[in-house]
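Enquirer: Okay, structure incoming, though there's no sequence with it:
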């Protein structure tokens, strides 16, 4: 993979919506039995909501051939804060900076939407590369920022925040 392109998924673009749906399904499959997969399934049914204007954005990355290889969403957390969700890069596209590029694009969109802080959640032991990347981009560990009662009591999550 030499280059990739990132664009906004619009409700009026059936090809992008189908590609987003496919990547969400791949993300859920990759997570397997890990926590939160029930919410992935629910979100898949309503894409691009909850990641659409005016409070969010869904970004899709394609390679040179036009194949969808990565995705990330931004959604409102509160009036001044947002949450990065569902960052996923296909296995064959990892290691080329795409996760970082998608995260930076998401942060740029968050700023443009007027947010002043950004939150995210990740799973240690499974998403260690993402943990390192988030820290390198200025995210710091924080307290739980929303209700996660739908997850098992033994769910291992790390919560991050970053000023924009």
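Expert: Structure received. Note that the coordinates shown come from a computational prediction; the quantities given were computed from them, not determined experimentally. Numbers count the residues shown, from 1 in each chain.

Enquirer: what about the nearest residue to residue 71 once chain neighbours are set aside, is that helix, strand or coil?
Expert: Excluding its sequence neighbours, the residue lying closest to residue 71 (Cβ to Cβ, 6 or more residues apart in numbering) is residue 23, at 4.3 Å. Where you see a C-beta, it was placed from the backbone N, CA and C, and this is true even at glycine. Secondary structure assignment for residue 23 (DSSP: H, G, I helix; E, B strand; the rest coil): helix.

Enquirer: Residue 121 versus the closest residue to residue 99 other than its chain neighbours, what's the distance?
Expert: Distances taken as Cβ to Cβ, 6+ apart put residue 89 closest to residue 99, at 5.0 Å, once the chain neighbours are dropped. Residue 89 sits 17 Å away from residue 121, going by Cβ to Cβ, to the nearest Å.

Enquirer: Out of those two, name the residue with the larger neighbour count.
Expert: Under the neighbour definition other Cβ atoms under 10 Å, residue 89 and residue 121 were set side by side, and residue 89 has more, 26 against 20.

Enquirer: how about the helices of this protein, start to end?
Expert: 14-31, 37-46, 98-112, 128-136 (DSSP state H).

Enquirer: average pLDDT for the shortest one?
Expert: This points to helix 128-136. Over the span of helix 128-136, the pLDDT mean works out to 90.

Enquirer: Show me how far that helix is from its chain's centre.
Expert: When distances are taken as Cα atoms, centre = their mean, to the nearest Å, helix 128-136 is centred 13 Å away from the chain's centroid.

Enquirer: where among the helices of the chain is the average confidence lowest?
Expert: helix 37-46 has the lowest average pLDDT among these, namely a mean of 73.

Enquirer: now that helix and helix 14-31, what's the angle there?
Expert: With axes from the mean of the first three to the mean of the last three Cα atoms, to 10 degrees defining the directions, helix 37-46 sits at 170 degrees from helix 14-31.
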